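**Student:** Quick one, what's the 3D model for this:
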Amino acid sequence: MRYLKHVLCAHAVMIGSAFTCYAETFHVDTKTSRVYARVDAVRIGHNHGIEGKLKESQVNLGGAGELIIDMTTFSADTPVARSAVGLDGTVSGSDRKQTTENMHSADVLDVARFPRSVFEIRSITPPKGKSEGEAGHYTVSGTFTLHGTKRPLTFVAKIEPASGRSDGGLRMRGMFTVKQTDYGMTPYSALAGLAKVSNEVTIWGDIVLVPGAGPVASNQRNGAGR
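**Tutor:** Next up, the predicted model:
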């Protein structure tokens, strides 16, 4: 069925059809989906694992979509976050609280002004020889808006059936690295610069996609008018 939809949509685009193209539409399961980030210390201090949640978002395999990250939910050094980004050990509750407050402040993420970041998906391309929805490593391209600054972004995401689900859900996992200065942010430092974090931040997405009905216009699937 997914392959048939793919063929019909591609044909509609090639002939410039005004008919609606039905793509495979998925909604992000915000209860189980997470975003993780790793921020490393470059001088004294320790490396940090960050955990955040997503707002209601939608993805169309083979087409467009968006992933909306709720920056106000970012929490530093939770046990889950540290494990997800490859860090050992635990951090005290007081240190976690202080790091989270610093991260949310106007000097870093400034969540009061920028409560969300958005990855606007222009295309999700399956591996060669695969149809949309089949397991594999997909090329995901679009623009990422962080701290009010938008920049192009492309990364590879692994998509496969989500285990333990009977609703046809998929699990999408990928990672990319950004530089804070590219998005108008200054890497956090303290103690006259002795405690400082790296400019580079690695971000992981572990996202569960749940099927949902709904037509997607063929011009929307190609990013027109967005």
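**Student:** give me the number of residues near His104?
**Tutor:** By the criterion of other CB atoms under 10 Å, His104 has 18 neighbours. The way it works is simple: take the backbone N, C-alpha and C, and place the C-beta from them, glycine included.
**Student:** how about the strands of the chain, start to end?
**Tutor:** With DSSP state E as the criterion, the chain has strands at 20-21, 25-28, 34-41, 48-54, 58-60, 65-76, 116-125, 136-146, 149-161, 170-179, 189-190, 195-211, 216-217.
**Student:** Burial check on Thr100, number of neighbours?
**Tutor:** Using other CB under 10 Å: Thr100 sits among 17 other residues.
**Student:** Surely it is in contact with Phe74?
**Tutor:** Yes - when contacts are counted by CB atoms under 8 Å, Thr100 is listed as touching Phe74 (7.2 Å).
**Student:** For the strands of the chain, could you give me a markdown table that also reports mean pLDDT, mean neighbour count and distance to Leu109?
**Tutor:** Listed next are the strands of the chain as a markdown table, based on pLDDT from 0 to 100; neighbours: other CB atoms under 10 Å; distance: least, CB to CB, whole Å:
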| stretch | mean pLDDT | mean neighbour count | distance to Leu109 |
| --- | --- | --- | --- |
| strand 20-21 | 41 | 18 | 38 |
| strand 25-28 | 92 | 21 | 21 |
| strand 34-41 | 95 | 20 | 10 |
| strand 48-54 | 97 | 22 | 10 |
| strand 58-60 | 92 | 21 | 24 |
| strand 65-76 | 97 | 20 | 6 |
| strand 116-125 | 95 | 19 | 9 |
| strand 136-146 | 96 | 19 | 9 |
| strand 149-161 | 96 | 15 | 12 |
| strand 170-179 | 96 | 17 | 13 |
| strand 189-190 | 61 | 14 | 15 |
| strand 195-211 | 90 | 19 | 11 |
| strand 216-217 | 38 | 18 | 32 |
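**Student:** could those strands be laid out in JSON lines, adding distance to Gly93?
**Tutor:** Below are these laid out as JSON lines (distance: least, CB to CB, whole Å):
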{"stretch": "strand 20-21", "distance to Gly93": "51"}
{"stretch": "strand 25-28", "distance to Gly93": "30"}
{"stretch": "strand 34-41", "distance to Gly93": "19"}
{"stretch": "strand 48-54", "distance to Gly93": "15"}
{"stretch": "strand 58-60", "distance to Gly93": "35"}
{"stretch": "strand 65-76", "distance to Gly93": "11"}
{"stretch": "strand 116-125", "distance to Gly93": "26"}
{"stretch": "strand 136-146", "distance to Gly93": "28"}
{"stretch": "strand 149-161", "distance to Gly93": "33"}
{"stretch": "strand 170-179", "distance to Gly93": "28"}
{"stretch": "strand 189-190", "distance to Gly93": "20"}
{"stretch": "strand 195-211", "distance to Gly93": "20"}
{"stretch": "strand 216-217", "distance to Gly93": "45"}
